[in-house]
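*Asks:* Quick one: sequence plus predicted model below, questions after.
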Number of protein chains: 2
Amino acid sequence: SSSPMDRQNRRQGFMEFPHLSAPHRDLMIELVSTMETRLGSQLLPDPLPLDVQCYQNAAGTSQGALHIRPGDDTSSIEFILGSWIYCELPSGGALNITTLMAYLNKSTDAPNFVLEFVQMSPTSMVLILDLPPRKDLPLYPDYLDTFYVDTKLDGCRQALQKLPEVQPYFSPVLYVRCVWSPTATVVHIQCEQGQESDQARMEEIVRDHVSPIAKQVLGIWLDKCACGEGREVKESERSELERRDRVIRTKTIEIDLVSNLPRLFGPDVGSRIVNAIQEFLNK
Amino acid sequence: SSSPMDRQNRRQGFMEFPHLSAPHRDLMIELVSTMETRLGSQLLPDPLPLDVQCYQNAAGTSQGALHIRPGDDTSSIEFILGSWIYCELPSGGALNITTLMAYLNKSTDAPNFVLEFVQMSPTSMVLILDLPPRKDLPLYPDYLDTFYVDTKLDGCRQALQKLPEVQPYFSPVLYVRCVWSPTATVVHIQCEQGQESDQARMEEIVRDHVSPIAKQVLGIWLDKCACGEGREVKESERSELERRDRVIRTKTIEIDLVSNLPRLFGPDVGSRIVNAIQEFLNK
């Protein structure tokens, strides 16, 4: 129903990342471009209504963008999802959440991809970077070896962890801790020496330390998971895989969105976005 | 084949913990006693040969004790296992590993109990304290709620984590990270200011901070898991539960013992202990 021009505009809306620092924006654009270039021919256009692709609250103090590309029939991609949310806080600061996720379908049991930045201020952010497993790892040591040991994924986490500004982060929500892999980079980055240079240091960390590992993890995911060979799932195992995927997706979206969006954007806008996502997922 | 007197002696051998500091020994004795008192009537005698209950290498520089109590037919306990290993290192220090574990059987799917101390020196230890789940948590949010959210288990981890000497620990073996729960206390405690008081501080931390949470977690396990009600497992789910338990047990024993005991005690003693454990497990 929208013209190609409209779509293009909205698309740029999402890709503009207007509230990120330059190195952070560069990283996000490069990651989304890499993903869409590599998978491009398998990806369908964004099915979301325009007022879900970009949205804001009545006062204009909260803004968001959402970008979804489903995989076509030939693809092992279920969909990729990009999102950003910017919310000015009554306290004066702003909350800034940037997400890039990719979900595979039941033709493969290879891990998904997730990258999330939650910025509480320009000098403090939580980073989640992972290939969440789609099997119960303790029961499948060979799966662990294939995707986590042999790929040396833990090296990415270790490299970042060496910086004094970086500490392991424990989500207060136990469920989300359960869905991450043992090599997940889940950290709190704080540059809070109380100096003017704090913000520059955060940008330096994003450019010199976060960017390389985010690109590396995405590369591993594209090579071994999205475009990997030989992970065909037996017909008898597909329904169990699908059930696990569905439970996790429903539960994490409940935790991430259903409770937060109405609070951050008001009930009308919030439920419009939540409903659109749920409608897409249940299709 | 051994007299009650022999058994009693060996039993005290295990319970003596000759290489631990006083507060650490007190804690271990209290935990084992609490467990055996509470579960006592359901526990069978230690089936291990005497030369497996206590063992050492040819030079006498490595010593170990192993204590197993299987549950009887009426019990939900598969077995409890206590162990300590002391190995003088060529470098001059000593490695000291103390373990207390409890495994439930397929009559319930409630979590197991694990406590492990790995001391590299009197001022540095890794602590693992957890109720490892027996289900694939992302698929069973209600199981997570019952055993981990409602019990406020994460508070134990958080309390210890507040000490400046305590840091999260990441096992180099990815498999073992996978079997722990999201509330697992897996930390490295280091009192290494290079002062004479370092060792006293470590003992203080064990007495005032580790002991209370270890007792609390054991209490939760005894009340909600070992002696809990209403977790009956359907006949149709028992074989899957049993398979998962077996894979994890085999794999973790491989990682913990099969590779380490022969290295620490020499091939003869090492394989005697490993074989005795595997024989017990495969019975």
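*Replies:* On my side now, so go ahead. Keep in mind it's a predicted model, so treat the numbers as computed, not measured. Numbers count the residues shown, from 1 in each chain, chains lettered A, B, ... in the order given.
*Asks:* Under the pLDDT cut-off, which ranges of chain A? List them.
*Replies:* Applying pLDDT under 70 to chain A flags the ranges A:1-12, A:230.
*Asks:* ranges for the helices of it?
*Replies:* A:4-16, A:22-39, A:50-53, A:141-144, A:154-161, A:174-179, A:198-205, A:211-220, A:235-253, A:261-265, A:267-282 (DSSP state H).
*Asks:* Show me what residue of the stretch 1-150 of chain A gets nearest to chain B.
*Replies:* A:Asp136 (3.7 Å; CB to the nearest CB). All C-beta spots, glycine's among them, are computed from the backbone N, C-alpha and C.
*Asks:* and A:Cys156, how many neighbours does it have?
*Replies:* 22 (other CB atoms under 10 Å in any protein chain shown).
*Asks:* What are the neighbouring residues in contact with it?
*Replies:* By CB atoms under 8 Å, 6 or more residues apart in numbering or on different chains, the contact list for A:Cys156 reads A:Leu129, A:Thr183, A:Thr185, A:Ile213, A:Gln216, A:Val217.
*Asks:* please redo it, this time with the cut-off set to 6 Å
*Replies:* Shown in contact with A:Cys156 (CB atoms under 6 Å, 6 or more residues apart in numbering or on different chains): A:Ile213, A:Gln216, A:Val217.
*Asks:* A:Ser21 and A:Glu204 touch, don't they?
*Replies:* No - look at A:Ser21 against A:Glu204 with CB atoms under 6 Å: they stay out of range, at 10.2 Å.
*Asks:* so A:Ser76 makes contact with A:Ser107?
*Replies:* Yes - A:Ser76 sits in contact with A:Ser107 when judged by CB under 6 Å, with a separation of 4.9 Å.
*Asks:* got a list of what the residue of the stretch 1-150 of chain A closest to chain B touches?
*Replies:* A:Asp136 touches B:Asp136, counting by CB under 6 Å, 6+ apart.
*Asks:* Look up phi and psi at it.
*Replies:* As for A:Asp136, its main-chain torsions (degrees, to the nearest 10) stand at phi -80, psi 100.
*Asks:* buried stuff in stretch A:42-49?
*Replies:* A:Gln42, A:Leu43, A:Asp46, A:Leu48 (16 or more other CB atoms under 10 Å in any protein chain shown).
*Asks:* First residue to last residue on that stretch, what's the distance there?
*Replies:* 21 Å (CA to CA, to the nearest Å).
*Asks:* Ok, stretch A:16-28 next?
*Replies:* 10 Å.
*Asks:* contacts for it?
*Replies:* A:Tyr86, A:Asn96, A:Glu203, A:Val206, A:Arg207, A:Ser211.
*Asks:* Tell me the spacing between the first one and A:Gly13.
*Replies:* The reference is to A:Tyr86. From A:Tyr86 over to A:Gly13 the distance is 12 Å, taken as CB to CB, to the nearest Å.
*Asks:* between the two, which one's more packed in?
*Replies:* A:Tyr86 (21 against 18).
*Asks:* residues touching the more buried one, list them.
*Replies:* Going by CB under 6 Å, 6+ apart, A:Tyr86 touches A:His19, A:Gln63, A:Asn96.
*Asks:* hmm, 10 Å instead?
*Replies:* Applying CB atoms under 10 Å, 6 or more residues apart in numbering or on different chains, we find A:Tyr86 in contact with A:17-20, A:56, A:61-65, A:94-98, A:119, A:264.
*Asks:* Any buried residues in stretch A:21-33, and which?
*Replies:* Buried residues in stretch A:21-33, defined by neighbour count with 16+ other CB under 10 Å: A:Ser21, A:Pro23, A:His24, A:Arg25, A:Leu27, A:Met28, A:Leu31, A:Val32.
*Asks:* okay, now the closest residue to the last one other than its chain neighbours: neighbour count?
*Replies:* Nearest in space to A:Val32, with sequence neighbours left out and distances taken as CB to CB, 6 or more residues apart in numbering or on different chains, is A:Gly82 at 5.8 Å. A:Gly82 is surrounded by 24 other residues when neighbours are defined as other CB under 10 Å.
*Asks:* ok, A:Gly82 touching A:Met101?
*Replies:* Yes - shown here, A:Gly82 and A:Met101 form a contact pair, counting by CB atoms under 10 Å, at 7.8 Å.
*Asks:* Between these two, which contacts overlap?
*Replies:* Shared contacts of A:Gly82 and A:Met101 (CB under 10 Å, 6+ apart): A:Ile68, A:Leu115.
*Asks:* distance of A:Val206 from chain B?
*Replies:* From A:Val206 across to chain B, the span is 23 Å (CB to the nearest CB, to the nearest Å).
*Asks:* now swap in A:Cys225 and tell me
*Replies:* Separation of A:Cys225 from chain B (CB to the nearest CB): 17 Å.
*Asks:* show me what contacts that residue?
*Replies:* Here A:Cys225 is in contact with A:76, A:102, A:104, A:108-113, A:131, A:134, A:146-147, A:151, A:231 (criterion: CB under 10 Å, 6+ apart).
*Asks:* swap in A:Cys54?
*Replies:* With contacts defined as CB under 10 Å, 6+ apart, A:Cys54 is in contact with A:Asn9, A:Arg10, A:Gly13, A:Phe14, A:Glu16, A:Leu48, A:Gln63, A:Gly64, A:Ala65, A:Leu66, A:His67.
*Asks:* need the residues of the stretch 1-150 of chain A near chain B, please.
*Replies:* A:132-141, A:144-145, A:148-149 (CB under 10 Å from any CB of the partner chain).
*Asks:* So A:Gln53 sits against A:Leu81, correct?
*Replies:* No - the criterion here is CB under 10 Å, and A:Gln53 misses it with A:Leu81 at 11.9 Å.
*Asks:* and for these two, which residues touch both?
*Replies:* By CB under 10 Å, 6+ apart, the residues touching both A:Gln53 and A:Leu81 are A:Leu66, A:His67, A:Ile68.
*Asks:* doesn't A:Ile189 make contact with A:Gln167?
*Replies:* Yes - between A:Gln167 and A:Ile189 there is a contact under CB under 10 Å: 8.1 Å.
*Asks:* which one of the two has more residues nearby?
*Replies:* Per other CB under 10 Å, whichever of A:Gln167 and A:Ile189 has more neighbours is A:Ile189, with 23 against 14.
*Asks:* Show me what that one is bridged to.
*Replies:* A:Met125, A:Val166 (DSSP bridges).
*Asks:* what's it in contact with, if anything?
*Replies:* Neighbours of A:Ile189 in contact, by CB under 10 Å, 6+ apart: A:117, A:119, A:123-127, A:160, A:163, A:165-167, A:169, A:201-202, A:205-206, A:209-210.
*Asks:* on that earlier part again, pull the most distant pair out of the buried residues of stretch A:42-49.
*Replies:* A:Gln42 and A:Leu48 (18.5 Å; CB to CB).
*Asks:* hang on, the earlier thing: comparing A:Gln53 and A:Leu81, which residue is more hemmed in?
*Replies:* For A:Gln53 and A:Leu81, the more surrounded residue by other CB under 10 Å is A:Gln53, and the numbers stand at 22 against 18.
*Asks:* any idea how far B:Val176 is from that one?
*Replies:* 44 Å.
*Asks:* what separates the most far-flung residue of chain A relative to its centre from B:Gln216, distance-wise?
*Replies:* Each residue of chain A has a distance to the centre, and by CA atoms, centre = their mean the biggest one is for A:Gln195: 30.8 Å. For A:Gln195, the distance to B:Gln216 equals 41 Å [CB to CB].
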